[in-house]
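Student: When you get a sec, could you give me coordinates for this:
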Amino acid sequence: MYTIGVNPWVWTSPVDDEALAELIPRIARFGFDAVELPIEQPGDWDPVRTRELLAAHGLVAAGVCAVTPPGRDLVAAAPAVVEATVAYLRGCVDSAATVGAPCVGGPVYASVGRTWRMSGPARAACYADFRRALAPVADHAGERGVSIGVEALNRYETSVVNTIAQTIELIDGLPSTVGIMVDTYHLNIEEADPYAALAAAGPYLKHVQVSGTDRGAPGADHFDWPRFFTALRATGYRGAVCIESFTGENETIATAASIWRPLAPSQDRLALDGLTYLRRILR
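Tutor: Numbers count the residues shown, from 1 in each chain. Modelled structure (predicted):
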């Protein structure tokens, strides 16, 4: 029913041409259907070369992950920062279109780790600023046949949107090419009822990321995965479901994702265990 993918961040960062040349054959051997492709810096990987590499190994591009380190912001930022972020996101859309990915997803509103307090009116103004800034990206995405999935993050990583309800409010009024990317890790932290929140996200769903509640393999945690997939089926979503986790062996990504201990005996094991579990419960 679902294409099952994995993000190369499970093994390495940055994800560049060299990393993909090594990992895509391995991902195919493991039995995945798809690969989720992050763009940390424009030019890290060549879209044409990556499209051909995926095709050669019987894989598809499940989506492109927009990455927002410090200095990539669409809200509460200087005009030059917003302009550069819009240019980056347009480039992500172009890469997605070339590689055949249906969606660009991520916390496209503000840099990860940036938090500040907002009153009700200040939040409304922030959301309006986001819609104005993203509008040209949304138009560009529509022209290229690509959707944008806005991802809510947990309270420790952003103060802009933490819940599905906030995300729906954030994107209200934008074209239908803009929707929601759900990440179960954040869903588990922020939602009182993750399964009801998923149902609310249903009409807007563009992409789905899964990981265990500890950021490890789905299935080796306390999340009610059968209930989650029952709720996901009920939404009508039939796109990709991708495992997103991270390696603690890379200092930059370990710090950014707060990976302070091994999440599996090996990164290969994390990917394989997650895939095996997903295949079993989806069967």
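
Student: which residue ranges form the helices in the stretch 51-200 of the chain?
Tutor: 79-99, 120-144, 164-171, 184-190, 194-201 (DSSP state H, counting those that start in this stretch).

Student: Can I get these in CSV including mean neighbour count?
Tutor: To be clear about C-beta, it is placed using only N, CA and C from the backbone, and glycine gets the same treatment. Shown next, in CSV, are the helices of the stretch 51-200 of the chain (neighbours: other Cβ atoms under 10 Å):
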stretch, mean neighbour count
helix 79-99, 19
helix 120-144, 17
helix 164-171, 20
helix 184-190, 21
helix 194-201, 19
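
Student: So which elements touch the helix or strand of the chain with the lowest mean pLDDT?
Tutor: Ranking every helix and strand in the chain by mean pLDDT, DSSP states H and E puts helix 251-257 at the bottom, with a mean of 81. In terms of contacts (3 or more Cβ pairs under 8 Å, 6 or more residues apart in numbering; DSSP states H and E), helix 251-257 is not packed against any helix or strand.

Student: Show me how far that helix is from its chain's centre.
Tutor: Put simply, helix 251-257 sits 16 Å off its chain's centre (Cα atoms, centre = their mean, to the nearest Å).

Student: Alpha carbons of that helix, in PDB - could you do that?
Tutor: The C-alpha trace of helix 251-257 is given here as PDB (Å, rounded to 0.1, in the frame of the first residue of the first chain):
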ATOM      1  CA  GLU A 251      29.400  15.500  15.200                       C
ATOM      2  CA  THR A 252      27.400  18.100  13.300                       C
ATOM      3  CA  ILE A 253      24.300  16.000  12.800                       C
ATOM      4  CA  ALA A 254      24.500  14.400  16.200                       C
ATOM      5  CA  THR A 255      24.500  17.800  17.900                       C
ATOM      6  CA  ALA A 256      21.700  19.100  15.700                       C
ATOM      7  CA  ALA A 257      19.500  16.100  16.300                       C
END
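
Student: who's in contact with that helix?
Tutor: With Cβ atoms under 8 Å, 6 or more residues apart in numbering as the test, helix 251-257 has contacts from Trp9, Ser13, Pro69, Val112, Gly113, Arg215, Phe246, Thr247, Gly248, Ile259, Trp260.

Student: Any chance of JSON lines for the residues you listed, columns distance to Ala76, neighbour count and pLDDT?
Tutor: Shown next, in JSON lines, are these (distance: Cβ to Cβ, whole Å; neighbours: other Cβ atoms under 10 Å; pLDDT from 0 to 100):
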{"residue": "Trp9", "distance to Ala76": "27", "neighbour count": "24", "pLDDT": "96"}
{"residue": "Ser13", "distance to Ala76": "27", "neighbour count": "23", "pLDDT": "93"}
{"residue": "Pro69", "distance to Ala76": "16", "neighbour count": "13", "pLDDT": "95"}
{"residue": "Val112", "distance to Ala76": "14", "neighbour count": "17", "pLDDT": "95"}
{"residue": "Gly113", "distance to Ala76": "14", "neighbour count": "14", "pLDDT": "94"}
{"residue": "Arg215", "distance to Ala76": "28", "neighbour count": "17", "pLDDT": "95"}
{"residue": "Phe246", "distance to Ala76": "27", "neighbour count": "24", "pLDDT": "92"}
{"residue": "Thr247", "distance to Ala76": "31", "neighbour count": "20", "pLDDT": "89"}
{"residue": "Gly248", "distance to Ala76": "31", "neighbour count": "17", "pLDDT": "83"}
{"residue": "Ile259", "distance to Ala76": "28", "neighbour count": "19", "pLDDT": "88"}
{"residue": "Trp260", "distance to Ala76": "29", "neighbour count": "9", "pLDDT": "88"}
